[in-house]
Structures are given as structure tokens and as C-alpha cells.
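Novice: after the sequence you'll find the predicted model.
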Amino acid sequence: MKKNNRNQRIKTYNTGRQSERRTPMTAVNSDRDMVHMRVGNMNRPVRGSRKASSSGGRRGLRALMASAIALFILPLYVFGVYSMCDVDATVSEVEKRNLKTRPELTASALFNGSYTKDFEEYYADTFPLRDFFLSVNNFFESIFTKLSGSDGIVLVGKDNKDDFAGEALTDEPASQESTTAPETQQEVSTEATTQAQQPVTTSGYIVIQGNRAMEMYAANKKQIKAYADTINRLADRLPNTKVYNMLVPTSIEFYGPEEYHAANHSQEYGIQLAYDQMSDKVICVDAYSKIKAHINDYLYFRTDHHWTARGAYYGYTALAEAAGFSVKPLNTYQSGRIDGFVGTMYGYTNAEVLKRNPDYVEYFWPQTEATGQYYSTADMTDGRNLRIITPEVSNSNKYLTFIQGDTPLAKISTQNKNGRSILVIKESYGNALVPFLVDSYETIYVIDPRKIDMNLPDFVSKQGVQEVLAINYTLITGNSTYMDALNKLIGS
């Protein structure tokens with residue numbers, strides 16, 4: 001045993017390997033004792049036992065894993081319980097549409113797979129706080145997908161949706177009320193002149209300028225030709241019936257920035273291109289010129305993609321000119337309005353400027369007494385009362401004031417004993433036009449191809465329909481859902 005100059009004992013142990021020796025050293029100082037293990041040329045302090053440290057680490061890891069699992073499972077459990085106990089929403093305020101209802105469980109639906117599909121759509125539509133999450137998603141999507149353009153234009157990417165879903169008021173209403181609403185004065189604005197002075201942003205295929213949102217349009221020659229071919233085939237299959245076609249321009253044509261209604265974006269060009277390819281059997285209705293002559297009127301909603309009833313009236317006058325009947329001046333109609341309408345354009349863009357500047361829905365009561373019913377099938381055996389005008393709409397989509405929206409098949413019988421009958425084939429743009437037809441026809445049928453499966457030529461023949469009007473807005477040529485449904489109804 002040896003003593004060093006600090007009276008410390010040093011003892012060397014053989015580790016069994018020639019190249020390595022391990023020497024414990026005890027360093028003494030006046031403040032604290034610490035044991036060092038020296039391995040080669042490395043020193044490290046040892047505080048407590050290695051076993052205790054390992055056990056504490058495992059406990060911490062288990063606690064962390066348990067917390068992570070709880071944070072993941074607990075919200076799912078809470079949402080699951082809440083979704084079973086809450087009352088299902090029927091309308092999406094953000095998307096401005098009716099939501100799916102719980103499907104009926106039947107043996108056939110279960111085995112053919114339709115029940116599972118319908119239930120998935122129902123649950124997706126009624127997920128707790130769905131509108132809140134959609135609003136948050138739209139907000140962040142608008143932030144992360146913006147691309148700066150020239151002249152202050154901002155492009156916002158959006159989902160590639162080819163249409164606005166149709167909807168209808170399906171409650172059981174009372175019989176059509178008489179025209180008792182007070183007459184209101186026509187409001188003449190300067191829509192076209194003031195709109196051009198507003199700054200411009202764009203949201204995907206939607207342009208927001210000032211407090212107005214508008215769908216972008218571009219003429220697609222292939223799609224326009226396909227639409228013209230469909231209308232030509234309709235006329236061929238109805239040789240004893242007058243067939244009219246009305247393509248209605250959208251608001252961007254008159255109120256949007258110049259670059260969005262010029263050249264290939266011109267709807268006047270697109271409409272004429274379609275009409276040029278229609279056969280002599282089709283009577284083309286020039287609604288464009290009638291609308292253009294009144295662009296300072298309130299013809300289109302700012303927060304919704306539809307035209308107003310005032311805009312539809314000028315479409316009605318264009319049809320009258322083509323069909324050879326007279327119309328009464330708009331200021332002779334009893335009218336009313338529903339305030340606080342924020343429509344589909346807000347649902348797509350979530351633009352706060354649209355929410356802060358809502359539209360109003362103006363309606364005009366027919367001057368002829370009429371009653372209506374709507375049906376789910378062409379045999380018309382399950383009729384329910386139809387309001388031609390609904391002056392109070394609790395649904396957020398106030399455009400449903402016109403013929404209750406998009407029902408499969410409707411029939412309106414009027415006191416016009418002139419023997420004239422017409423079938424209107426339409427998407428939702430035609431809804432605001434139909435009430436005006438009450439003053440010109442004895443019988444009116446209305447069909448939405450997306451809502452019904454039927455043989456259209458057979459129906460026209462069976463009901464003795466004399467005239468058929470296909471009325472659509474210009475973007476319908478690119479709507480595959482609608483075009484497929486229309487072609488199926490017409491047949492080959």
C-alpha cells in the first residue's frame with residue numbers, strides 16, 4: 001500500500017483486459033464529496049444508483065404515453081357521445097344547403113351497400129360543430145392558398161366543384177296564398193357604374209370585387225357544342241312541340257373587371273356560339289340583350305350566384321317576345337322582400353365583406369290565381385302542395401322563396417284559360433322565372449333533371465305539353481352532373 005502526497009490510497013484492479021484498467025478515485029474537497037469513475041481518459045460523475053434512474057425514466061415514459069393516448073381518445077369519445085345526444089342540424093349556414101338526413105335501415109339497403117354509403121354521408125353532414133370546423137378550414141385555406149396576381153388581384157385555390165347543389169323546401173305548406181302583399185317602389189341603383197370603381201380580389205373561380213362575388217366564366221367550345229347537341233336532340237325527340245332555349249348570363253358579365261368578361265371570358269360570345277350550333281327546330285331566346293338594357297337595376301345578388309326576380313322578369317320578357325305573348329309591366333305587380341340574405345358565394349369564399357353586406361330577396365306575386373303541387377315521380381301520384389311564392393323563408397337560403405327551390409317535378413294550374421301549356425327544364429336559375437309564367441300559361445310543368453328519373457318525351461306526349469323551355473345559366477355547359485342527368489331524361 002502506498003500513500004500519495006495527499007495521504008490518499010490508490011488501489012488498482014485488473015479488469016481482465018490488458019489494454020484497460022479501471023481506477024476509482026476519491027476526490028476530497030472542503031465543500032462536498034463526489035465519486036468519479038475514470039474510464040480511459042473520460043471522467044463522469046455518478047449521482048445515485050443506475051437502477052433508480054432507469055426506473056424513474058420508464059415511469060415518466062409511461063406517463064407521457066398515457067397522456068398522449070388520453071388526449072387522442074378523449075375527444076373522440078366526447079364527440080361520439082355528443083353526436084348521439086344532440087339534435088341533427090338540417091341546414092348548413094356556411095355551405096347554404098340542406099344536410100343529409102338519417103337513412104332508413106332496411107334489409108335491401110343494408111345488403112346492396114346503399115345504407116352504409118348514405119349513413120356515411122349523413123354522419124359527415126351532421127358531425128358536431130361541423131359549420132365551425134368548415135369556417136376554420138375555409139379561413140386557413142384562404143391564407144395558405146393565396147397567390148398574388150397583377151394589379152392587386154389575389155388568386156385563391158379552391159376545390160374543383162362543378163356545380164352548386166340544389167335544394168328545396170320540403171315541408172308541407174298551405175295552399176297558394178292570394179296576392180295580398182303591398183306594392184313596393186322599384187329601386188333603381190347604379191350597380192354597373194359603381195362596381196367598376198371597387199378593388200378586385202379573386203377566390204379560385206370566384207371573383208370578389210368590392211362587396212360582390214361572381215363566378216368566373218370561360219367559353220369551352222367542346223362543352224358548348226355538347227350542350228347544343230343535347231338541345232338539338234331534345235327538339236328532334238319532340239317534333240310536335242315548340243322547343244325554346246334560354247342561356248342566361250351571370251353577373252360577372254356586367255359587373256366584373258374587364259378582363260373577366262372579354263375575349264374568351266365573354267358570355268355574349270359563349271351564348272352566341274351555342275345558339276349558332278342549334279338547329280332550326282330550336283327557338284333561341286335572347287335574354288342577354290334584355291338584361292344588358294337594365295344593368296343598373298338590382299338584377300343579380302352580390303352574395304349569391306343567382307339572378308334576382310327582377311333579373312328573371314327581363315328573361316321572361318325575352319321569352320314572351322320569342323313565344324309571341326304580351327307581358328304586364330313590372331311596376332304593376334304586387335311585391336315584397338326578404339332581408340338578410342347571404343348566399344352561395346359567401347359559402348364558397350367565407351369572405352367577411354359579403355357577410356357584412358347581405359342581399360335582400362325581392363319577389364313579385366303573380367297576377368293570376370294559381371295552385372301547385374310537386375311530385376317525386378313522373379306518374380304524379382304523391383303530390384304535395386307547392387307554394388309558388390313563399391314570402392317567409394326560415395331557411396338561410398332565401399332564394400327558396402321561388403317555387404320552393406329544386407323539387408323533382410312540379411305542376412302549376414292557373415286561371416288563365418288560354419289552353420297554353422309549357423314544360424320548364426331547369427336548374428335553380430329557372431326558379432325565379434317560373435312565377436311570371438303563371439300570368440301567361442294555363443298549365444306549367446317544372447322539371448329539375450338532377451332530381452328525377454323519367455322518360456321526358458313520353459311525359460310531354462302523355463300530358464299534351466305544347467311548349468318546352470330549357471333555361472339554364474351559362475356555366476351549366478360545364479356541369480357534368482346536370483348534363484348527364486339531362487341527357488338521360490331525353491334519351492337517345
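Specialist: Noted; the coordinates are in hand.
Novice: neighbouring strands - and their directions - for the helix or strand hosting A410?
Specialist: Under the criterion of DSSP states H and E, A410 resides in strand 409-414. In the sheet, strand 409-414 lines up against strand 370-375 (antiparallel), strand 443-447 (antiparallel) (DSSP bridges).
Novice: okay, these, which one's buried deepest?
Specialist: strand 443-447 (a mean of 23; mean count of other CB atoms under 10 Å). Bear in mind the C-beta positions are built from the backbone N, C-alpha and C, glycine included.
Novice: looking at the strands paired with strand 409-414, spot the one closest to N487.
Specialist: Taking CB to CB, strand 443-447 is the member of the strands paired with strand 409-414 nearest to N487, at 13.8 Å.
Novice: do me a favour and average the pLDDT over the closest one.
Specialist: Computed over strand 443-447, the mean pLDDT rounds to 98.
Novice: out of the strands paired with strand 409-414, which is closest to E427?
Specialist: strand 443-447 (10.6 Å).
Novice: output the closest one in PDB with nothing but the alpha carbons.
Specialist: Written as PDB, here are the backbone C-alpha positions of strand 443-447 (Å, rounded to 0.1, in the frame of the first residue of the first chain):
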ATOM      1  CA  THR A 443    -100.600  24.800 -67.200                       C
ATOM      2  CA  ILE A 444     -96.900  24.800 -66.200                       C
ATOM      3  CA  TYR A 445     -94.700  21.800 -65.500                       C
ATOM      4  CA  VAL A 446     -91.300  22.200 -64.000                       C
ATOM      5  CA  ILE A 447     -88.600  19.600 -64.000                       C
END
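Novice: which residues are contacting it?
Specialist: If you take CB atoms under 8 Å, 6 or more residues apart in numbering as the criterion, strand 443-447 is touched by 403, 407-414, 420-426, 430, 434, 437-438, 454, 456, 463, 465, 489.
Novice: check which helix or strand L74 maps to.
Specialist: Per DSSP H and E: L74 is located in helix 50-85.
Novice: hang on, the earlier thing: average pLDDT across the strand holding A410?
Specialist: pLDDT averaged over strand 409-414 gives 98.
Novice: just checking, next helix/strand downstream of that strand?
Specialist: The helix or strand immediately downstream of strand 409-414 is strand 421-426, counting by DSSP H and E.
Novice: ok, that next one: who's next to it in the sheet?
Specialist: Strand 421-426 has these strand partners (DSSP bridges): strand 443-447 (parallel), strand 467-473 (parallel).
Novice: so where's the chain uncertain?
Specialist: Filtered on pLDDT under 70, the chain yields the residue ranges 1-56, 76, 79-80, 82-100, 123-166, 170-204.
Novice: quick check, A470 in contact with Y244.
Specialist: Yes - with contact defined as CB atoms under 8 Å, A470 counts as touching Y244 (7.1 Å).
Novice: look at the two and report which has more neighbours.
Specialist: A470 (25 against 21; other CB atoms under 10 Å).
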